[in-house]
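Visitor: Pasting the sequence and the predicted coordinates here, then a few questions.
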Amino acid sequence: MSGGLVEFTDSNFDTEALKADGPVLVDFWAPWCAPCRMVGPIIEELAGSYLGKVKVGKLNTDDNPAVASRYSVMSIPTILLFKNGEIVDRIVGAVPKKDFERMLSAHV
């Protein structure tokens with residue numbers, strides 16, 4: 001992944017996301033999902049804009065079903081914001097960048 005994006009997986013999620021210092025934004029997505037492809041560039045921009053303030057990454061739900069199941073991700077894209085290992089905010093579906101910025105500004 002580029003631009004400061006982290007690739008989350010079933011095997012690294014607890015360490016990389018739940019035990020991270022500071023907020024962690026996780027984009028649950030899949031390659032075949034059209035709305036996910038719309039949100040993808042926004043997530044990449046956020047990774048650059050919030051570098052050093054928020055860890056931003058993506059989790060492919062096809063390749064990593066355990067984490068998606070653990071957090072009851074039924075629709076993608078689902079974007080979860082974690083802080084201290086707990087979900088503090090959630091966005092489901094393709095939304096404009098300003099919605100993500102509003103969510104992040106409330107927790108950064």
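Guide: Yes, it's here. Numbering: from 1, shown residues only.
Visitor: Can you give me every residue that contacts the most centrally placed residue in the chain?
Guide: Centroid check for the chain by Cα atoms, centre = their mean gives V26 as the closest residue, at 1.5 Å. Shown in contact with V26 (Cβ atoms under 8 Å, 6 or more residues apart in numbering): F8, A17, G57, K58, L59, I79, L80, L81, F82. Heads up, the C-betas are built off the backbone N, CA and C, glycines and all.
Visitor: Same check on V67?
Guide: So V67 contacts F8, T9, D10, F13, L59 (Cβ under 8 Å, 6+ apart).
Visitor: Excluding covalently adjacent residues, which one is nearest to it?
Guide: If the residues on either side of it in the chain are set aside, V67 comes closest to F13, at 4.8 Å by Cβ to Cβ, 6 or more residues apart in numbering.
Visitor: Output the below-cut-off pLDDT ranges for this protein.
Guide: The model of the chain has pLDDT under 70 over residues 1-3.
Visitor: ok so the residue nearest to the centre of the chain is a helix residue?
Guide: No. Per DSSP: H, G, I helix; E, B strand; the rest coil, V26 lies outside any helix segment and is strand.
Visitor: Ignoring the adjacent residues along the chain, who's closest to it?
Guide: The shortest distance from V26 to any non-neighbouring residue, by Cβ to Cβ, 6+ apart, is to L80 (5.0 Å).
Visitor: host element of the one you found?
Guide: In this structure, L80 sits in strand 78-83 according to DSSP states H and E.
Visitor: Buried residues in the longest helix out of those in the chain, which are they?
Guide: Longest among the helix segments of the chain by residue count, using DSSP state H, is helix 34-49. Going by neighbour count (16 or more other Cβ atoms under 10 Å), the buried part of helix 34-49 is C36, V39, G40, I42, I43, E44, L46, A47, S49.
Visitor: neighbouring contacts of the very next helix or strand once past it?
Guide: Using DSSP H and E, the helix or strand that follows helix 34-49 towards the C-terminus is strand 55-60. With Cβ under 8 Å, 6+ apart as the test, strand 55-60 has contacts from 1, 4-9, 13, 16-17, 20, 22-31, 40, 43, 46-47, 50, 67-68.
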